[in-house]
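K.L.:
Below: sequence and its predicted model.
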Amino acid sequence: MSAAIPRIMGILNVTPDSFSDGGRHADPVAAGLALHEAGADMVDVGGESTRPGAAPVPLDEELRRTIPVVAALAKAGVPVSIDTMKAEVMRRAVEAGAVMLNDVSALQADAASRGVAAACSADVVLMHMPGNPQTMQQLAQYDDPVAEVLAHLSDRIAAAEAAGIARGRLIADPGIGFGKGAEHNLAILRQLEDFHALGVPLLLGASRKSVIPAIVGPTPAAERLPGSLALALRGAEAGVAWLRVHDVAATRQALRVWAAIRR
Ligand SMILES: Nc1nc2ncc(COP(=O)(O)OP(=O)(O)O)nc2c(=O)[nH]1
């Protein structure tokens, strides 16, 4: 029996300052179509960088960056997720055809976001992040990172269900690199199977992240594909349902080879 292969969420940051691909997409719609063509099962459109210390983006600017791209990709038949913490961006993105809400704050940053998520049928990614992108790295203290991240995600799942979002629509994500030091990220990656205890599909977003240079030494983000593929295969081995990656074609090839040779 061939091993289950995670689905691929291709990253489309329509931002000038994203940590690894900021400002790289002169034509974001073409870039999104190319991600889908390369094998992305979902294209994750983000209009606000969430890297540590990133400046918040005003609502109207985030809408301007994302909604036309979501609409064009959805119209072209590409499954789209919206990577945002703002309820109004979620609402407008679903209206434009987005089928997944990807909120790094797990529907906490904007009190209205749970209502918007409950009022639609989109799947919802709940990610672990202590605080916000401006404060999270100061909050990177854990006695037991896996247990504490699990507890947080369990609370967020319960809150989402209490808001009327069916459990079947929820996806949990440990938030690699969000308010976590290298040792915390490594502990989570080593114990990734433990997150199945949450009872919802898992998403791993480790592509090009700083856990790679933490292991191999200083490496520019653009040179982290080998490490990113190793992290993707770790996710596949742990049975995650989704991998959020920059390099779709390479990841897809790695996953297909891995699946073919797994016992
Ligand atoms: N669910 C989920 N969403 C995410 N969104 C952004 C980033 C940060 O990576 P990237 O989008 O490449 O950079 P930036 O936030 O600077 O745009 N990571 C995740 C993640 O790990 N999981």
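P.N.:
Yes, it's here.
K.L.:
Pull the contacting residues for Val80.
P.N.:
When contacts are counted by Cβ atoms under 8 Å, 6 or more residues apart in numbering, Val80 touches 32, 42-45, 70, 73-74, 93, 97-100. Glycine gets a C-beta too; all of them are placed from N, C-alpha and C.
K.L.:
what's the neighbour count on the residue in the stretch 151-263 of the chain that the ligand sits nearest to?
P.N.:
Using Cβ to the nearest ligand atom, Gly205 is the residue of the stretch 151-263 of the chain that sits closest to the ligand, at 2.2 Å. Neighbourhood size, Gly205 [other Cβ atoms under 10 Å]: 27.
K.L.:
Name the nearest residue to it, sequence neighbours excluded.
P.N.:
Leaving out its chain neighbours, the residue that sits closest to Gly205 by Cβ to Cβ, 6 or more residues apart in numbering is Arg244, at 3.7 Å.
K.L.:
repeat for Ser207
P.N.:
In space, Ser207 is closest to Val245, 4.2 Å off (Cβ to Cβ, 6+ apart).
K.L.:
From Val124, how far out is the one you found?
P.N.:
Counting by Cβ to Cβ, to the nearest Å, the gap from Val245 to Val124 is 20 Å.
K.L.:
Have a look at the two and say which one is more surrounded.
P.N.:
Neighbours around Val245 and Val124, counted as other Cβ under 10 Å, are more numerous at Val245. The numbers are 31 against 27.
K.L.:
ok, back up a step: give me the subset of the contacts of Val80 lying in strands.
P.N.:
Met42, Val43, Asp44, Val45, Met100 (DSSP state E).
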